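S.K.: Okay, predicted coordinates and the sequence, questions at the end:
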Amino acid sequence: MRKVILDTETTGLDFRTGDRIVEIGCVELMGRQITGQRYHVYLNPERLVADSERIHGLSDEFLADKPKFAEIAADFMAFVRGAELVIHNAAFDVGFLNNELGLLQQESIEQLCSEVIDTLRMAREMRPGKKNNLNALCSEFGVDNSGRQLHGALLDAELLAEVYLAMTRGQNSLEMNFDSPAVDYSLGGTRQRPPLLVLPASAAELADHDRVLAEIAKESKGKCLWRDLESAGQA
């Protein structure tokens with residue numbers, strides 16, 4: 001399945017109050033490989049960027065001669081059509097994109113794309129109680145973000161592509177091995193198993209375990225199933 005890692009920069013936080021998109025960055029993945037195909041455009045938002053310039057560094061002067069969304073809509077739609085979109089905090093970007101498309105009476109993102117994958121939701125499930133912004137995930141998964149001084153849609157999409165691949169590593173490894181010798185389960189046969197090796201947790205690992213449980217309990221306001229099972233003698 002073709003995936004498109006996408007990010008946007010905007011004039012503010014809420015399209016419902018008139019905020020618009022100023023930059024779109026997309027990176028293509030095919031078969032868990034970054035293909036080198038990208039879509040990137042700066043946009044004239046038809047309004048002032050105001051305080052958002054300190055986030056993305058794009059000034060009114062810089063954006064003044066850039067195309068409006070209506071001028072690039074067809075190219076953007078062609079690039080993402082049929083793909084799975086991978087977005088960090090997808091509700092934000094999808095809301096802005098659907099607003100822009102809606103102003104032109106075009107198809108929504110949900111109609112254009114086969115699926116939207118939210119890496120923020122994935123990260124919260126994998127790392128409950130921890131910071132899960134892009135910088136934190138780059139640090140967690142060893143992705144070099146030293147060039148990220150300001151937010152930038154294309155740079156952030158490139159970083160998110162690396163983070164997404166790291167987050168999902170191993171999910172495609174459930175393959176049947178047809179080269180393994182067949183096991184004879186005929187009547188009277190016995191199945192030989194090697195002895196089970198049990199490795200006890202180290203003191204450092206136990207301390208990390210307790211720390212994670214404490215973070216989960218704090219995040220869930222005291223509800224931690226593992227601790228409940230430990231108290232009941234089942235864990």
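M.R.: Okay, I see it.
S.K.: Show me the chain divided up by domain.
M.R.: 3-167, 202-235 (automatic domain parsing).
S.K.: list the contacts for the residue most central in space within the chain?
M.R.: Nearest to the geometric centre of the chain sits residue 119, at 2.5 Å (Cα atoms, centre = their mean). Listed by Cβ atoms under 8 Å, 6 or more residues apart in numbering, the contact partners of residue 119 are 86, 87, 88, 90, 137, 160, 163, 164, 167. C-betas here are computed from N, CA, C, even on glycine.
S.K.: Give me the buried subset of those residues.
M.R.: 86, 87, 88, 90, 137, 160, 163, 164, 167 (16 or more other Cβ atoms under 10 Å).
S.K.: Tell me how far the residue nearest to the centre of the chain lies from residue 13.
M.R.: 19 Å (Cβ to Cβ, to the nearest Å).
S.K.: biggest helix in this structure, by residue count?
M.R.: Counting by DSSP state H, the longest helix found in the chain is helix 203-219.
S.K.: Can you list the helices and strands that that one packs against?
M.R.: If contacts are counted by 3 or more Cβ pairs under 8 Å, 6 or more residues apart in numbering; DSSP states H and E, helix 203-219 sits against helix 225-231.
S.K.: what is the rounded mean pLDDT of stretch 64-78?
M.R.: In this model, stretch 64-78 has an average pLDDT of 98.
S.K.: ah, wrong one, I meant stretch 30-50
M.R.: Mean predicted confidence for stretch 30-50 is 95.
S.K.: which residues are in contact with that stretch?
M.R.: With Cβ under 8 Å, 6+ apart as the criterion, stretch 30-50 contacts 2-4, 10-12, 18-29, 58-60, 62-69, 72, 75-76, 79-80, 153-154, 161, 165, 168, 172.
S.K.: List buried residues within these.
M.R.: Here, 16+ other Cβ under 10 Å leaves 3-4, 10-12, 19-29, 58, 63, 66, 69, 72, 76, 79-80, 153-154, 161, 165 buried among those.
S.K.: and the closest residue to residue 123 other than its chain neighbours, how many neighbours does it have?
M.R.: Leaving aside its chain neighbours, residue 123 sits nearest to residue 132 (3.8 Å; criterion: Cβ to Cβ, 6 or more residues apart in numbering). Each residue near residue 132 was counted by other Cβ atoms under 10 Å, and the total is 21.
S.K.: go on, the one 4 residues further on?
M.R.: Using other Cβ under 10 Å, residue 136 has 14 other residues around it.
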